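Chemist: Got a sequence here, can you model it:
(one chain, ligands or ions: 1)
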Amino acid sequence: MRILIAEDDPTTLLLLERAVKDWGYEAVAVRDGNSAWEILRSADSPPLALLDWMMPALSGVELCCKVRQESEAPFVYLVLLTGKTKTEDIVQGMESGADDYLSKPFDRQELKVRLRAGQRIVELHEKLRIHATRDALTSLWNRRMILEILGRECARAARAGTELGVVIADLDHFKRVNDILGHLGGDAVLLEASRRMNRVLRPYDAMGRYGGEEFLIVLPGCDQAGTVTAAERMRQVVEETEIATPAGNILVTVSLGAVTGEGPSIDSDELIKNADTALYRAKRAGRNRVEVATSSSNCVSSNCAGAQTEVAPAGLSHCPD
Ligand SMILES: [Mg+2]
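Modeler: So this is what the prediction gives:
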């Protein structure tokens with residue numbers, strides 16, 4: 001586990017660095033509050049930080065306040081290091097958002113056990129975070145998180161004037177899969193099909209389990225052609241080869257509804273509704289295909305609100321099952 005150490009006194013910094021390395025941690029050392037803040041606010045901040053109270057630029061207490069109030073980074077366990085020992089100082093330190101404090105000069109054994117306690121909290125926090133954000137079967141984002149990501153990406157697209165692609169994928173005849181293979185076999189199919197689809201996405205795309213056998217895919221910066229290409233690639237990798245399950249092998253296909261949105265009025269509910277409509281068309285047209293809807297949020301004038309242009313995806317018709 002990585003530990004951020006922010007301490008302006010070089011001797012203490014060296015002692016702290018040596019101590020945490022001796023106990024198997026990786027040390028990230030800085031000498032002032034501003035440098036510490038730059039690290040703590042970043043998405044890949046170490047999950048545990050030792051902060052000196054008295055430092056140039058930003059004090060440890062100010063840092064604790066900023067982390068708790070301003071940072072959008074994941075949880076960080078904060079330990080204040082201080083020469084102050086009066087009760088009111090300690091109360092002020094803890095009220096600023098610190099999780100623990102340690103008096104200077106520090107005792108190695110005490111520091112060690114306090115870091116272990118912090119590590120336990122960090123690990124528990126991580127477990128809870130995964131539990132709250134991931135789908136238990138597929139480890140993809142759960143429904144709540146993928147909708148949150150979609151909302152965030154809509155806001156970003158509106159702000160940056162970029163396009164956003166959204167795809168809803170639904171495994172074909174999944175009830176039949178469950179009937180033939182049983183629920184364990186069905187779970188294996190869900191897992192493998194979602195892995196295949198996820199594998200062909202870019203690192204910054206997001207995929208979540210939207211419902212039983214339904215997946216929601218968010219493609220930042222994707223125009224219509226890019227969104228259709230991504231959806232088509234997902235369709236192909238699912239049908240490519242049989243999926244092996246404990247109950248036997250099976251060929252599975254997927255239907256996909258794709259939509260893109262842009263502009264200041266881009267709206268996540270609208271995108272989902274239109275992707276859903278396109279998906280429904282894909283199902284009706286025989287399954288194992290991609291259908292595209294253009295989002296009405298592209299339209300700025302009221303008379304075209306709700307209008308959908310149906311784009312026949314050239315070359316995308318496949319033999320329906
Ligand atoms: Mg100091």
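
Chemist: Alongside the ion, which residues does the chain contribute?
Modeler: Residues of the chain lying close to the ion by C-beta under 5 Å from the ion are Asp8, Asp52, Met54. Every C-beta, even on glycine, is put in place using the N, C-alpha and C of the backbone.

Chemist: residue contacts, the first one?
Modeler: Right, the one you point to is Asp8. Arg31, Asp32, Asp52, Met54, Met55, Pro56 (C-beta atoms under 8 Å, 6 or more residues apart in numbering).

Chemist: Kindly report the same for the last one.
Modeler: Contacts here follow C-beta under 8 Å, 6+ apart; on that basis Met54 touches Asp8, Gly60, Thr82, Gly83.

Chemist: Any of those buried? List them.
Modeler: Buried members of those, counted by 16 or more other C-beta atoms under 10 Å: Gly60, Thr82.

Chemist: Confidence-wise, which helix or strand of this protein is lowest on average?
Modeler: strand 310-311 (a mean of 40; mean pLDDT, DSSP states H and E).

Chemist: Mind telling me what element Val28 is part of?
Modeler: Using DSSP states H and E, Val28 sits within strand 26-30.

Chemist: what do you get for Ala244?
Modeler: Using DSSP H and E, Ala244 sits in strand 243-245.

Chemist: Run through who's touching that strand.
Modeler: With C-beta under 8 Å, 6+ apart, strand 243-245 has contacts from Leu181, Leu184, Gly185, Ala188, Val189, Glu192, Ala193, Asn249, Ile250, Leu251, Val252.

Chemist: And the residue of this protein closest to the ion?
Modeler: Using C-beta to the ion, the point where the chain gets nearest to the ion is Met54, with a distance of 3.9 Å.

Chemist: Format the residues of the chain next to the ion as CSV; extra columns: secondary structure, pLDDT and distance to Cys222.
Modeler: Below are these laid out as CSV (DSSP: H, G, I helix; E, B strand; the rest coil; pLDDT from 0 to 100; distance: C-beta to C-beta, whole Å):
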residue, secondary structure, pLDDT, distance to Cys222
Asp8, coil, 95, 47
Asp52, strand, 96, 46
Met54, coil, 93, 50
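
Chemist: List the neighbouring strands of the strand or helix carrying Val79 plus their orientation.
Modeler: Assigned by DSSP H and E, Val79 falls within strand 77-82. If you go by DSSP bridges, strand 77-82 pairs up with strand 48-52 (parallel), strand 100-103 (parallel).

Chemist: okay, these, which one's buried deepest?
Modeler: strand 48-52 (a mean of 27; mean count of other C-beta atoms under 10 Å).

Chemist: immediately after it, which helix or strand?
Modeler: helix 60-70.

Chemist: helices or strands next to that next one in the packing?
Modeler: The contact analysis (3 or more C-beta pairs under 8 Å, 6 or more residues apart in numbering; DSSP states H and E) places helix 60-70 against helix 33-40, strand 48-52, strand 77-82, helix 87-95.

Chemist: low-confidence ranges in the stretch 151-300 of the chain?
Modeler: By pLDDT under 70, the weakly predicted segments of the stretch 151-300 of the chain are 294-300.

Chemist: so where do the strands sit in it?
Modeler: Assigned by DSSP state E, counting those that start in this stretch, the strands in the stretch 151-300 of the chain fall at 164-171, 206-209, 214-220, 243-245, 248-250, 254-261, 290-294.

Chemist: residues in contact with the fifth one?
Modeler: Yep, that's strand 248-250 we're talking about. So strand 248-250 is contacted by Val177, Ile180, Leu181, Gly185, Val189, Glu242, Ile243 (C-beta under 8 Å, 6+ apart).

Chemist: Just give the strands next to that strand in its sheet, each with its orientation.
Modeler: strand 243-245 (antiparallel).

Chemist: do the same with the third one
Modeler: Pairing partners of strand 214-220, with direction, according to DSSP bridges: strand 164-171 (antiparallel), strand 206-209 (antiparallel).

Chemist: Can I get these in a markdown table including distance to Asp267 and mean neighbour count?
Modeler: Formatted as a markdown table, the strands paired with strand 214-220 follow (distance: least, C-beta to C-beta, whole Å; neighbours: other C-beta atoms under 10 Å):
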| stretch | distance to Asp267 | mean neighbour count |
| --- | --- | --- |
| strand 164-171 | 11 | 26 |
| strand 206-209 | 18 | 22 |
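
Chemist: For Ala43, which non-adjacent residue is spatially closest?
Modeler: Ala73 (5.6 Å; C-beta to C-beta, 6 or more residues apart in numbering).

Chemist: Then that neighbour would be within a helix, right?
Modeler: No. Ala73 is assigned coil when assessed by DSSP: H, G, I helix; E, B strand; the rest coil, not a helix.

Chemist: can you count the residues close to it?
Modeler: 15 (other C-beta atoms under 10 Å).

Chemist: repeat for Asn34
Modeler: 14.

Chemist: Let me see the contact set for the residue nearest to it when sequence neighbours are not counted.
Modeler: Leaving aside its sequence neighbours, Asn34 sits nearest to Ala57 (C-beta to C-beta, 6+ apart; 4.3 Å). Contacts for Ala57 (C-beta under 8 Å, 6+ apart) come out as Asp32, Gly33, Asn34.
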